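Asks: I would like to see how this sequence folds:
(chains A and B)
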There are 2 protein chains.
Amino acid sequence: MGERIPNWLLQRSHISPNKSALIFEDQVWTFREMQEIVQDLQEKLMTCLKKQDRRVAILMKNHPKMVWLIHALQQLEIETVFLNHRLTPAELGFQLRDSQVELLFYDVTLAEIANELYAENPQLRIYSTTQYEEFPNQQLKSRAEYDLAAICSIMYTSGTTGKPKGVQQTYGNHWWSAIGSSLNLGLQSNDSWLCAVPLFHISGLSILMRSVIYGMPVYLMEQFDEEKANTLLQSGQVTIMSVVTAMLSRMLETLGTNTYHTHFRCMLLGGGPAPLPLLERCVEKEIPVFQSYGMTETSSQIATLSPEDAFKKLGSAGKALFPAQIRIIDQNGQEAKAEEPGEIQLKGPNITSGYLARPEANQTSFEQGWFKTGDIGYLDEEGFLYVLDRRSDLIISGGENIYPAEIEEVLIGHDAVREAGVTGGKDEIWGQVPYAFVVMRKPISEAELIQFCRTHLAAYKVPKKIMKVETLPRNASNKLLRRKLLEFLEEEKHS
Amino acid sequence: MGERIPNWLLQRSHISPNKSALIFEDQVWTFREMQEIVQDLQEKLMTCLKKQDRRVAILMKNHPKMVWLIHALQQLEIETVFLNHRLTPAELGFQLRDSQVELLFYDVTLAEIANELYAENPQLRIYSTTQYEEFPNQQLKSRAEYDLAAICSIMYTSGTTGKPKGVQQTYGNHWWSAIGSSLNLGLQSNDSWLCAVPLFHISGLSILMRSVIYGMPVYLMEQFDEEKANTLLQSGQVTIMSVVTAMLSRMLETLGTNTYHTHFRCMLLGGGPAPLPLLERCVEKEIPVFQSYGMTETSSQIATLSPEDAFKKLGSAGKALFPAQIRIIDQNGQEAKAEEPGEIQLKGPNITSGYLARPEANQTSFEQGWFKTGDIGYLDEEGFLYVLDRRSDLIISGGENIYPAEIEEVLIGHDAVREAGVTGGKDEIWGQVPYAFVVMRKPISEAELIQFCRTHLAAYKVPKKIMKVETLPRNASNKLLRRKLLEFLEEEKHS
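Replies: Residues are numbered from 1 along each chain as shown, chains lettered A, B, ... in the order given. Now for the predicted structure:
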């Protein structure tokens, strides 16, 4: 058992009952109103909860109903598995079985996927928002405290190879992430955070957690819309927003000659450093961009670069947040000198307690309290972090992580494909998109292969192009050298 | 072993090397400069440290040298016993023996006391600032992390009865206190805190801890001076200041028709609620007073009242800070209803892990994670805390409880009274009766004042005698020492 602190939602509703908690379209809820809705909901959910439901999955789009559900499950001490509705039923089915979830709550707009999941996974009980809202209330006293060591949320990510793994985030991970962020960005009484990223990702969920811990309103968007986001930032109602490069780029294009309100004080940019031209446009418009580095395993950003350092430290992700530490380990397992690249390793109370039911991955990913990211980078003399390469070839496309291994596995699953290699190519809109290279067993058209991918992969993971090659670049141990695939891409362009 | 976080001083110097850390008279030190001075100092101190010196005492006045020493001892993992130089050598000698300290560092201006202590306590080794600064350096690598469960500081406080007890404050207590305060007051990039309270009290030490945790400059004063404090608050350099009523009152008198800079955003008031006339003058001058409740055992304030609630909740100490909880226990050991007085009990990660070497006091003071303050108060319907009195000062007269604060408030409400203090004197008939001591603003007869009390208080609460005095006994933080009032009573009898 870890440190215990007061039940966040109750404490916030007690301390700041009349402060705005959530704004969605034209509706506003205070912390007390939110707490009352959640109290009612948790009493309804009791009706369908069985004793063995230690873990529950939710399949929803950004919406107040998703916010209420997230809090209600926390009140009930249930671990929440966050499903990404852009994944295929096959991908989601794996996550449900892997996490041994038997209860799924879903958004009515996602009924089709939910029903498919139900059909394929006989252990599952599924309830839509409209269903569970009709349940009778079972009286329930809220728990007084949260145990910071208890698991709060689980989000799946893929590693270098193989199947996705469930990252377990404790209440303490969320708490320390929120505190680390506030010690870096400060905390003002007029702060409010625009959430136009998915709540099923840590980028979105962490905003909700901060909202309750700080007593800060969240402006929630069902999905990112650059015009609406710009309007909010121009109005002065929003002081902080989380974005990835593709979002920021679209916002700037739409903004035209306008500027944001002086109240807007932080554009928190995740998913890799900003390209120079984008940074320059932001400076022109006096948009304070905080570049950051983080992942699901760190429960949101763990390093950030302040706008003042953006040009002095071009391409850097900044310094570690106050409660966290960063070190670089070279190929010999020694701590690297300044400027010398190696594996980025992280330590801090915001880092996951481990992957769900993956003893091997946990053994290889952690060492004496340090988390081995698999990312390559270096620290400069002043301790600024530079990320050279994301975790073995990770492709980041519009803020979504794409793991080449997952796409390769699908391609190899096709009769006609002997070998496959996938890598990310630059894309003006999405930052990166996946490109595939295949060695054929028998002839088949690119269109047919792409169609095959569509049935097995979320749309954003489907390769933009599949190129036939004679051999794939491999090292002496026959390990695929994904970065060399880019050379094929170059050749392709020049031919 | 508890949660571990990076060595505060190193991490802050790493993250904010060029930010101002300390301002004293006309000198400014950045966090890096401070860290370098501390590094040098800790290497010097190694020369006189023996293996058994787990605990060290310091006898100093507010000064940068005291700041360096506090940090150096933290770097060395030494528990620091903070001595109050206004105590008698006999009182200090008790604390040294009780804490089994064999090493004392002192300020040259306090050499006389230090020498007396040395003469009386043969186990002691004493070194003045000028002595230890001349020690040779022993090379020493700083520790990378602090263990939040480790003891950082020890401060002696008297309870209701008997000898003073050493309150042990862990690194975690200081950390959570700083975090709880920032979640309440916010954290702005231009923040700076004026420390005109003693560093050997938790009110002062907690400012130093916040400085490093937040990356915030501290303006340090050797001793409180209302004119200098006013000048700083008018300049806009200081945004927050910790005070007790007597300090605030003197500052307002000196301020005259002037006002503070708009940057000044928080007058954090400890040591009991502010009298109404003082609050009214602060409103006139737009001084944002945050009344608070806390003690050495809570490592600084644990409840605060925001300026917006000051009049709506007159006399309240506000609500618990976010990581903390407050409950009221009635005479039957049950949780009291709203408005019903009882013992104030507190819970939270900022609360002491216990008194040094006092198993009995620890057993009686803690119950299932709750700290029993001995103070009497109640929570209103909205959860605002009202402290009726510190139990130690409770007067029991003919079976009725009398809270001195209540009588003092009435007396201060009279035009002619500047300050008032009330305590219980023995009485053959009633057991105890209240005696009042007043500092006058203009002449008035005792009979008239007693008559005034009769119109405001139940008969048994009316002071039996009201004595005029020049000053009231206060401690170094300017807090009224009601028990010392009894000495006036004795003098009165013998004269």
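Asks: what is the burial count for the residue of the stretch 251-400 of chain A found nearest chain B?
Replies: Minimum separation of the stretch 251-400 of chain A from chain B (Cβ to the nearest Cβ) falls at A:Pro323, amounting to 5.0 Å. C-beta: built from backbone N, CA, C; applies to glycine. Counted by other Cβ atoms under 10 Å in any protein chain shown, the residues lying close to A:Pro323 total 23.
Asks: quick check: it is in a helix.
Replies: No: read with DSSP: H, G, I helix; E, B strand; the rest coil, A:Pro323 is coil and lies in no helix.
Asks: give me the residue from the stretch 1-150 of chain A nearest chain B.
Replies: Counting by Cβ to the nearest Cβ, the stretch 1-150 of chain A gets nearest to chain B through A:Ile5 (5.0 Å).
Asks: and the gap between the nearest residue to A:Glu343 once chain neighbours are set aside and B:Glu470?
Replies: With Cβ to Cβ, 6 or more residues apart in numbering or on different chains as the criterion, A:Glu343 has its nearest non-adjacent residue at 4.9 Å, and that residue is A:Ile329. Remark: distance between A:Ile329 and B:Glu470 (Cβ to Cβ, to the nearest Å) = 69 Å.
Asks: likewise for A:Ala274?
Replies: Relative to B:Glu470, and taking Cβ to Cβ, A:Ala274 is found at 67 Å.
Asks: tell me which of these two has more neighbours.
Replies: A:Ala274 (24 against 6).
Asks: where's that one relative to A:Gln234, distance?
Replies: Counting by Cβ to Cβ - A:Ala274 and A:Gln234 are separated by 21 Å.
Asks: cool, and A:Leu457?
Replies: From A:Leu457 to A:Gln234 the distance is 38 Å (Cβ to Cβ).
Asks: when these two are compared, which one has more neighbours?
Replies: A:Leu457 (23 against 15).
Asks: got a list of what the closest residue to that one other than its chain neighbours touches?
Replies: Excluding the flanking residues, the one nearest A:Leu457 by Cβ to Cβ, 6+ apart is A:Val410, at 5.8 Å. Listed by Cβ atoms under 8 Å, 6 or more residues apart in numbering or on different chains, the contact set of A:Val410 reads A:452-453, A:456-457.
Asks: in those residues, which residue is surrounded by the most others?
Replies: Top of the contacts of A:Val410 by neighbour count (other Cβ under 10 Å): A:Leu457, with 23 neighbours.
Asks: surely it meets A:Ile407?
Replies: Yes: A:Leu457 is within contact range of A:Ile407, at 6.5 Å (criterion: Cβ atoms under 8 Å).
Asks: need the pLDDT of A:Lys141.
Replies: In the prediction, the pLDDT value recorded for A:Lys141 is 89.
Asks: follow-up on the earlier one: could you find the closest non-adjacent residue to the residue of the stretch 1-150 of chain A closest to chain B?
Replies: B:Pro323 (5.0 Å).
Asks: against A:Leu187, how distant is the one you found?
Replies: Relative to A:Leu187, and taking Cβ to Cβ, B:Pro323 is found at 14 Å.
Asks: before we move on, what about A:Leu110?
Replies: A:Leu110 is 35 Å from A:Leu187, by Cβ to Cβ.
Asks: which residues of the stretch 351-495 of chain A lie near chain B?
Replies: Taking Cβ under 8 Å from any Cβ of the partner chain as the measure of proximity, the stretch 351-495 of chain A contacts chain B at A:369, A:382-383.
Asks: JSON lines for the residues you listed, including distance to A:Gln301 and secondary structure?
Replies: Shown next, in JSON lines, are those (distance: Cβ to Cβ, whole Å; DSSP: H, G, I helix; E, B strand; the rest coil):
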{"residue": "A:Gly369", "distance to A:Gln301": "20", "secondary structure": "coil"}
{"residue": "A:Glu382", "distance to A:Gln301": "19", "secondary structure": "coil"}
{"residue": "A:Gly383", "distance to A:Gln301": "16", "secondary structure": "coil"}
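Asks: compare these and tell me which is most surrounded.
Replies: Within those, neighbour counts (other Cβ under 10 Å) peak at A:Gly383, which reaches 15 neighbours.
Asks: which residues are in contact with that one?
Replies: Applying Cβ under 8 Å, 6+ apart, the residues contacting A:Gly383 are A:319-320, A:326, B:14.
Asks: and the stretch 1-150 of chain A, which of its residues are near chain B?
Replies: Near chain B, when you scan the stretch 1-150 of chain A using Cβ under 8 Å from any Cβ, you find A:2-6, A:11-12, A:14-15, A:17, A:144.
Asks: of A:Leu110 and A:Leu187, who's got more company?
Replies: The neighbour comparison of A:Leu110 against A:Leu187 (other Cβ under 10 Å) goes to A:Leu187, with 22 against 17.
Asks: just list whatever residues bridge to the more buried one.
Replies: Following DSSP bridges, A:Leu187 is listed with bridge partners B:Leu187.
Asks: isn't it up against A:Tyr214?
Replies: Yes: using Cβ under 8 Å, A:Leu187 is in contact with A:Tyr214, at 5.8 Å.
Asks: so what's in contact with those two at the same time?
Replies: B:Leu183.
Asks: ok, now which ones touch A:Ile179?
Replies: Residues near A:Ile179 by Cβ under 8 Å, 6+ apart: A:213, A:323, B:179.
Asks: my guess is the second one contacts A:Trp176, does it?
Replies: Yes: using Cβ under 8 Å as the test, A:Pro323 is close enough to A:Trp176 to be in contact (5.5 Å).
Asks: anything in contact with each of those two?
Replies: With Cβ under 8 Å, 6+ apart as the test, A:Pro323 and A:Trp176 both reach A:348-350.
Asks: how about low-confidence regions in the stretch 301-450 of chain A?
Replies: Applying pLDDT under 70 to the stretch 301-450 of chain A picks out residues A:389-392.
Asks: quick one, helices of it?
Replies: In the stretch 301-450 of chain A, helices defined by DSSP state H, counting those that start in this stretch lie at A:359-365, A:404-412, A:446-456, listed in chain order.
Asks: would you mark the buried spots in the helix or strand following the longest one?
Replies: On the C-terminal side of helix A:446-456, the closest following helix or strand by DSSP states H and E is strand A:465-468. Neighbour-count burial for strand A:465-468, counted by 16 or more other Cβ atoms under 10 Å in any protein chain shown, picks out A:466-467.
Asks: same thing with stretch A:8-21?
Replies: Here stretch A:8-21 shows A:8-17, A:20-21 as buried, counting by 16+ other Cβ under 10 Å.
Asks: could you do stretch A:137-154 as well?
Replies: Residues of stretch A:137-154 classed as buried: A:145-148, A:150-154 (neighbour count, 16+ other Cβ under 10 Å).
Asks: got a markdown table for the residues you listed, with secondary structure and pLDDT too?
Replies: Listed next are the buried residues of stretch A:137-154 as a markdown table, based on DSSP: H, G, I helix; E, B strand; the rest coil; pLDDT from 0 to 100:
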| residue | secondary structure | pLDDT |
| --- | --- | --- |
| A:Glu145 | strand | 96 |
| A:Tyr146 | strand | 96 |
| A:Asp147 | strand | 95 |
| A:Leu148 | coil | 95 |
| A:Ala150 | coil | 97 |
| A:Ile151 | strand | 98 |
| A:Cys152 | strand | 98 |
| A:Ser153 | strand | 98 |
| A:Ile154 | strand | 98 |
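Asks: what's the neighbour count on A:Val218?
Replies: A:Val218: 23 surrounding residues under other Cβ under 10 Å.
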